[in-house]
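Novice: This is the structure alone, sequence omitted:
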């Protein structure tokens, strides 16, 4: 395997937003299910507005693929609630009509603090949730 060049960008997980030219991304990494609010993304955008897509993934057990629970992602822009996404991974037959994964497009204004919290119906550190964001930046100075 070739070493990573000093000038290369390396994909990273965490709470923040990363910019690559006119594009940006955020990847939470894996969060174990917890019945308390967990902050999974927390970043402030720059001078441009962003058009992008969040992908929310419900809890999937690390070992037992059919085990899961209900996950709720709560989105706030500058402390104002803008969206809630509810996912279900315990009943994959769709009995409740709730998906296990959701994508949604959104416009994020310049200089906006974006915070995403996650809450689950049960606590199990082996049932993992993830969220990603990919966007295009317009009008940045």
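Specialist: Received it, and whenever you're ready, just let me know what you need. Since the structure is predicted, the reported quantities are computational estimates derived from the model, not experimental observations.
Novice: in its sheet, what does the top strand by length along the chain sit against?
Specialist: With residue count as the measure and DSSP state E as the assignment, the chain has strand 124-138 as its longest strand. Within its sheet, and counting by DSSP bridges, strand 124-138 is paired with strand 23-27 (antiparallel), strand 31-33 (antiparallel), strand 49-61 (antiparallel).
Novice: which parts of the helix or strand bottoming out on mean pLDDT in the chain are buried?
Specialist: The least trusted helix or strand in the chain, going by mean pLDDT, DSSP states H and E, turns out to be strand 18-20, with a mean of 91. For strand 18-20, burial by neighbour count (16 or more other Cβ atoms under 10 Å) applies to residue 18. Bear in mind the C-beta positions are built from the backbone N, C-alpha and C, glycine included.
Novice: so where's the protein uncertain?
Specialist: By pLDDT under 70, the low-scoring segments of the chain are 1-11, 91-97.
Novice: Please repeat the previous calculation with a cut-off of 90.
Specialist: Flagging of the chain using pLDDT under 90 yields the residue ranges 1-14, 20-21, 60-68, 88-100, 140-141.
Novice: Which one, of the strands paired with strand 124-138, ends up nearest to residue 135?
Specialist: Nearest of those to residue 135, taken as Cβ to Cβ: strand 49-61 at 2.4 Å.
Novice: just to revisit the earlier point, as JSON lines, the strands paired with strand 124-138 with distance to residue 74 would be great.
Specialist: JSON lines is the format used below for those (distance: least, Cβ to Cβ, whole Å):
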{"stretch": "strand 23-27", "distance to residue 74": "16"}
{"stretch": "strand 31-33", "distance to residue 74": "14"}
{"stretch": "strand 49-61", "distance to residue 74": "11"}
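Novice: could you dump those strands to CSV with mean neighbour count?
Specialist: Putting those into CSV (neighbours: other Cβ atoms under 10 Å) gives the following:
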stretch, mean neighbour count
strand 23-27, 18
strand 31-33, 20
strand 49-61, 21
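Novice: No more questions from me, cheers.
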